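>>> Coordinates for the following, if possible.
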Amino acid sequence: MRLSLFHEFTHSHPFPHIVLNNFLVTKRANSLLTALKSQVLSRKSSDLFDFLQTSDLSASKNPVLKQFFKKLNSPEMFFWIKQTTGQSVRKASLAGFCYESGDYLLPHDDRLEGRKIAWILNLSKGFTSKDGGCLELFATKNKKPTLIMKKIPPTYNTLTLFKVSPTSFHQVSELRSNKKRYSLGGWFYA
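Residues are numbered from 1 along each chain as shown. Alright, predicted model coming up:
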């Protein structure tokens with residue numbers, strides 16, 4: 001295993017996660033942002049969230065997204081996920097998201113349908129934590145979120161991975177600016 005990434009992932013608090021800056025070559029990240037902006041995004045609202053989301057992008061006709069989905073579901077990516085997180089995975093999902101002013105995602109743990117590792121690739125430029133839209137990780141007590149322990153701003157071309165578990169409570173803080181928070185994300189499944 002790539003011990004430095006594995007060590008960072010397994011020893012992160014409040015639960016196993018890793019944040020990798022400049023994850024892709026800038027040209028590739030720019031292409032993904034352009035491809036995401038060309039997709040239909042629909043408003044998703046409930047008492048837990050309010051944001052824009054694409055449909056499942058696994059069948060996208062866009063060549064950039066199609067290639068990215070194929071890479072996510074490659075043996076090389078599954079091997080890298082195993083080396084980085086210690087989790088064996090067999091498939092990945094892909095969707096696009098856009099948060100606008102006032103959008104949010106309240107605390108939840110992502111446990112559903114065999115999800116092992118959650119992933120988020122931020123594609124927003126010029127964001128600071130003052131803009132909101134931060135991924136916030138919670139400490140838990142009795143499997144309930146208690147206190148925000150870490151805030152991860154949606155920095156451009158940053159990949160965040162975290163282990164899905166009964167204690168992996170996280171949220172996206174309310175967007176407090178007129179900037180748009182674009183990201184691709186999904187899960188790696190067992």
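>>> part of a strand, is residue 5?
No. Using DSSP: H, G, I helix; E, B strand; the rest coil, the assignment for residue 5 is helix, not a strand.
>>> what's the burial count for it?
Neighbourhood size, residue 5 [other C-beta atoms under 10 Å]: 16. Heads up, the C-betas are built off the backbone N, CA and C, glycines and all.
>>> wouldn't it be in contact with residue 81 here?
No. Residue 5 is beyond contact range of residue 81, at 10.5 Å (criterion: C-beta atoms under 8 Å).
>>> which residue packs closest to the residue nearest the centre of the chain, ignoring adjacent ones?
Central residue of the chain (C-alpha atoms, centre = their mean): residue 120, 1.7 Å from the mean position. For residue 120, ignoring the flanking residues on the chain, the nearest one in space by C-beta to C-beta, 6 or more residues apart in numbering is residue 185 at 4.3 Å.
>>> For the one you found, identify the helix or strand it belongs to.
Using DSSP states H and E, the element containing residue 185 is strand 181-189.
>>> For the protein, just list every one of the strands.
17-20, 42-45, 49-53, 91-92, 95-99, 104-108, 115-122, 135-141, 144-152, 158-163, 170-172, 181-189 (DSSP state E).
>>> Next up, the contacts around residue 99.
Contacts for residue 99 (C-beta atoms under 8 Å, 6 or more residues apart in numbering) come out as 51-52, 133, 172, 175, 180-181.
>>> how many neighbours does the nearest residue to it once chain neighbours are set aside have?
Excluding the flanking residues, the one nearest residue 99 by C-beta to C-beta, 6+ apart is residue 181, at 4.0 Å. Per other C-beta under 10 Å, the neighbour tally for residue 181 reads 25.
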